[in-house]
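Visitor: when you get a sec, could you give me coordinates for this:
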Amino acid sequence: MQRLLGFLSLVLFLPFSPTRLTAQSTSADAAHAAALATDVVWASPRGFDLTMDIYTPESGRESYPVIVMFHGGGWLINSNAIMDQPAAYLAGHGEYVVCNVNYRLLGDLNNTVTMDEIIGDAFGAMLWVREHIGDYGGDPARLIVTGDSAGGHLAAMVATQGHRLTTDTFSAPAFDFRPSYIPASGLPAGGIEVSAAILSYGTFDMYATALSGFETPGNGFWQMGGAEARGFFGPDVSVTDQPEFYRAVSPLYNVVPGSERKYPPLLLTVGTEDNLTTPVSIRAYRDKLTDNGHTDLIYWEHEGRPHAFLDSGSNAFLGTNFTDDAVPALDYMLAYLNERF
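Guide: Predicted coordinates:
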């Protein structure tokens, strides 16, 4: 795993320079244009401004279902810019408002951000969208969460663990999460609820990820993110001494029976050639879900594609590009959503 992380640090997330979209966002063959509000500040946890870009289809509907999107990058690199093209595509080819979200990375705030805070950012973004998306043509009663890689982990936490909210700190025994944005009316009694979730090649076992060397210098993502390698939860928590912290942020270890809590419809996607979040690992999460009675679930493999097939731009080493690799997956996702909305 350490060798693979080092390899991916060198070649998978090579720097790219997407053209940031302004004013309107659409591709030449889109069904309609989409208005774009950029860099909307939605929270400032510990003084760190968090933003999102919001795309609203210009197709004449009074309101639209809302897709909230979290980008990948190992919780250490990238911004929502890497999802510019997928976000624009979904808004321009589908009838959905799309919120492309920035969250804190582990290296931010002098390398002090913890994994529970990142999850709190994802939860906070959902609460902000629910409260404010009507101003952008979105329907807060029809929220869809999606993400890829690290963003897939965050989307899974939203979809299945969104009831674990607190205004207090992340601590045993509950290990609940404090959202970065809390509405003036307080936390919703029922937690965060979404109407569907699309989880693309997500990391669902954070405990195994840590044991495999993520927190060590052998994981080049730390260097790429400009931070010194450390634990997900800072210097006072380690995977060997406090494994319960790591399991608490792992969707795999927190699946409950469907009779106890009903999860939203789920679409799980992965490339058949993904060597980081392998099809085997995604199927393990799928099987854990179905074994617990969560049957409104579709598993889809993107034939011949590696990790990060949804990224904007292109990757010369992997031979992938947005048009050939992301677009077929996005079309599959739109077909999935259109059947439900």
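Visitor: quick one: low-confidence ranges for this protein?
Guide: 1-28 (pLDDT under 70).
Visitor: how about the chain, which residue sits the furthest from its center?
Guide: Most distant residue from the mean C-alpha position of the chain: residue 60, 28.8 Å away (Cα atoms, centre = their mean).
Visitor: look at that one and give its secondary structure.
Guide: Three-state assignment for residue 60 (DSSP: H, G, I helix; E, B strand; the rest coil): coil.
Visitor: and the gap between residue 42 and residue 52?
Guide: Going from residue 42 to residue 52 by Cβ to Cβ, to the nearest Å gives 6 Å. All C-beta atoms are positioned from the backbone trio N, CA, C, and that covers glycine.
Visitor: ugh, wrong one, residue 172
Guide: To residue 52, residue 172 is 32 Å away according to Cβ to Cβ.
Visitor: please apply the same query to residue 121.
Guide: For residue 121 relative to residue 52 (Cβ to Cβ), the value is 11 Å.
Visitor: then residue 188?
Guide: With distances taken as Cβ to Cβ, residue 188 is found 20 Å from residue 52.
Visitor: more neighbours, those two?
Guide: When residue 188 and residue 52 are compared for neighbours, residue 52 comes out ahead with 24 against 15, by other Cβ atoms under 10 Å.
Visitor: packing partners of the helix or strand encompassing that one?
Guide: Using DSSP states H and E, residue 52 falls within strand 50-57. Based on contacts counted as 3 or more Cβ pairs under 8 Å, 6 or more residues apart in numbering; DSSP states H and E, the elements that strand 50-57 packs against are strand 34-43, helix 84-93, strand 97-101, helix 115-132.
Visitor: now mean neighbour count too, for those, in CSV please.
Guide: Listed next are the helices and strands packed on strand 50-57 as CSV, based on neighbours: other Cβ atoms under 10 Å:
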stretch, mean neighbour count
strand 34-43, 18
helix 84-93, 25
strand 97-101, 30
helix 115-132, 24
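Visitor: would you agree residue 249 is in contact with residue 239?
Guide: No. Using Cβ atoms under 8 Å, residue 249 is not in contact with residue 239, being 11.4 Å away.
Visitor: tell me which residue is most central in the protein.
Guide: With distances taken as Cα atoms, centre = their mean, the residue of the chain nearest its centroid is residue 151 (2.3 Å).
Visitor: can you pull up the bridge partners for the residue lying closest to it once chain neighbours are set aside?
Guide: In space, and not counting its chain neighbours, residue 151 is closest to residue 70: 3.4 Å by Cβ to Cβ, 6 or more residues apart in numbering. Judged by DSSP bridges, the bridge partners of residue 70 are residue 101, residue 147.
Visitor: residue 70: what's it in contact with?
Guide: Contacts of residue 70 were listed using Cβ atoms under 8 Å, 6 or more residues apart in numbering, and they are 101, 103, 122, 125, 145-147, 150-152, 154-155.
Visitor: nearest to residue 302 among those residues?
Guide: Set against residue 302, the nearest of those by Cβ to Cβ is residue 152 (13.4 Å).
Visitor: give me the neighbour count for residue 136.
Guide: By other Cβ under 10 Å, the residues close to residue 136 number 18.
Visitor: repeat that for residue 207.
Guide: 19.
Visitor: same thing with the one 10 residues further on?
Guide: The tally of other residues near residue 217 (other Cβ under 10 Å) stands at 13.
Visitor: let's number from 753 now, not from 1
Guide: Got it, the first residue is 753 from now on, which makes the last one we talked about residue 969.
Visitor: so which bits of stretch 884-903 are buried?
Guide: 884-885, 888-891, 894-903 (16 or more other Cβ atoms under 10 Å).
Visitor: how far out from the middle of the chain is it?
Guide: 12 Å (Cα atoms, centre = their mean, to the nearest Å).
Visitor: let me see the ranges of the strands in the stretch 953-1093 of the chain.
Guide: 1018-1023, 1049-1054, 1066-1067, 1072-1073 (DSSP state E, counting those that start in this stretch).
Visitor: could you say what helices and strands the third one packs with?
Guide: Counting contacts by 3+ Cβ pairs under 8 Å, 6+ apart, strand 1066-1067 is packed against strand 1072-1073.
Visitor: give the pairing partners of the strand it packs on; include direction for each.
Guide: Partner strands and pairing direction for strand 1072-1073 (DSSP bridges) are strand 1066-1067 (antiparallel).
Visitor: how close does the closest residue to residue 999 other than its chain neighbours get to residue 956?
Guide: Leaving aside its sequence neighbours, residue 999 sits nearest to residue 1005 (Cβ to Cβ, 6+ apart; 4.2 Å). According to Cβ to Cβ, residue 1005 and residue 956 sit 9 Å apart.
Visitor: looking at the two, which is more packed in?
Guide: residue 956 (27 against 16).
Visitor: neighbour count: residue 1001 and residue 991, which is higher?
Guide: Under the criterion of other Cβ under 10 Å, the comparison of residue 1001 against residue 991 puts residue 1001 first, with 26 against 21.
Visitor: list the contacts of that one.
Guide: Counted by Cβ under 8 Å, 6+ apart, residue 1001 has contacts 867-868, 871, 909, 927, 958, 984.
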